[in-house]
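Q: need coordinates for the following:
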Amino acid sequence: MKRLYIIGNGFDLEHGLETKYSQFKKYLINKHPNYYQEYDGLLESKIGNHGEIVFDMDELVGAIISVIDHIDSEFANQKDYPEWNKLEEHVGTKYAYTILDHNEFFLNKNDWGNMNDSYDKVRISSYNNNEILSGDLEAAYTSFKGLFDDWVRDYCANISFDCVGKIDTPSFKDSVFLNFNYTSTLEDVYGVDRNNICYVHGYAKDYNSEIFFGHGEKNVRFELSDVYLGAENSFEDILKKMRKDTEKAFRNNTDFFNRLGSIEEIYSFGFSFSDVDMEYIDAIRSRVNVEKVIWYFNKHDYIEKRESIKRIADMGFKVAKTEIW
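A: Next comes the predicted model:
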């Protein structure tokens, strides 16, 4: 194989598919039309019929949407602001701290200025209360990933391609595809052999594939004031569990990356070049002769993603623009 195509969500959008993260929000609202808008109550778990932890879904969906909307509002004044566009960035440190802001009222504060022995019982009670409540918050807000999985399996897997036409592309012959989308556009519209596609973050139609989603922050800690003693571990776990496990995604697809040694041309379309996904580009660079590889940006990205172009050039790739797509 001489060509590698790197396909991101912009490719699906170019085909008129509604695969923006804002569609995930619409999916949640359509599935839970009675959700509590701007929910700011306490999410408390219950035990289900099979011993599982469950929440009131209208409350849970309302709480999650409220948190993401609050974070998203920071970008509302940007030109062409697209709702929920930066979702993966939103579910990192900002997510954990916003959850704390929305739930501080329910946590007990410890008075460390009172060192009277008689206050120890109060402090222990506060610790236990915070541990229980924050444990529920962790379980609730990390269930976000399960809801996202539902959207991929239910919505993305069932997109109809009956009226989706091809766009002009370079030749797909003698090519392999690193696909960051969950959808089957390459197979259903272009007839690309599944064996030549790496669905690095999971494939909506393959229920055996894990869906990878989350923030890319590494080596970060959740700094929680000791007045909320007992809650620190749960908020730290929110941050950890909402991270995208790119290391595992790469391990799952090592064979594909090891096939890339003979690549001479790379074509990218709709790839975000976000920090969390640049790890895969590093893996490609380590397997090819960058001095002999030409990287072709599609017309839109060549104009709009100048920083990304510089980033690729700094990695040693020769950069070109294709007028074809």
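
Q: wait, doesn't residue 324 sit right on residue 171?
A: No: with contact defined as CB atoms under 8 Å, residue 324 and residue 171 do not form a contacting pair (9.3 Å). Where you see a C-beta, it was placed from the backbone N, CA and C, and this is true even at glycine.

Q: of the two, who's got more company?
A: It is residue 324, of residue 324 and residue 171, that has more neighbours when counted by other CB atoms under 10 Å, with 13 against 9.

Q: so what pLDDT did the more buried one get?
A: pLDDT recorded at residue 324 is 88.

Q: ok, the nearest residue to residue 32 once chain neighbours are set aside - contacts?
A: Spatially, and ignoring its direct neighbours in sequence, residue 32 is nearest to residue 61 (4.5 Å; CB to CB, 6 or more residues apart in numbering). Neighbouring residues of residue 61 by CB atoms under 8 Å, 6 or more residues apart in numbering: 28, 29, 32, 35, 36, 147.

Q: for the helix or strand hosting residue 61, C-alpha coordinates in PDB please.
A: If you go by DSSP states H and E, residue 61 is part of helix 57-72. This file holds the C-alpha atoms of helix 57-72, laid out as PDB (Å, rounded to 0.1, in the frame of the first residue of the first chain):
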ATOM      1  CA  MET A  57     -32.600   9.200  33.700                       C
ATOM      2  CA  ASP A  58     -34.500  12.500  33.400                       C
ATOM      3  CA  GLU A  59     -32.400  14.000  36.200                       C
ATOM      4  CA  LEU A  60     -29.200  12.400  35.000                       C
ATOM      5  CA  VAL A  61     -29.500  13.700  31.400                       C
ATOM      6  CA  GLY A  62     -30.600  17.100  32.600                       C
ATOM      7  CA  ALA A  63     -27.600  17.300  34.900                       C
ATOM      8  CA  ILE A  64     -25.100  16.200  32.200                       C
ATOM      9  CA  ILE A  65     -26.500  18.600  29.600                       C
ATOM     10  CA  SER A  66     -26.500  21.400  32.100                       C
ATOM     11  CA  VAL A  67     -22.800  20.900  32.900                       C
ATOM     12  CA  ILE A  68     -21.700  20.600  29.200                       C
ATOM     13  CA  ASP A  69     -23.900  23.600  28.300                       C
ATOM     14  CA  HIS A  70     -22.300  25.700  31.100                       C
ATOM     15  CA  ILE A  71     -18.800  24.800  29.800                       C
ATOM     16  CA  ASP A  72     -19.800  25.300  26.200                       C
END
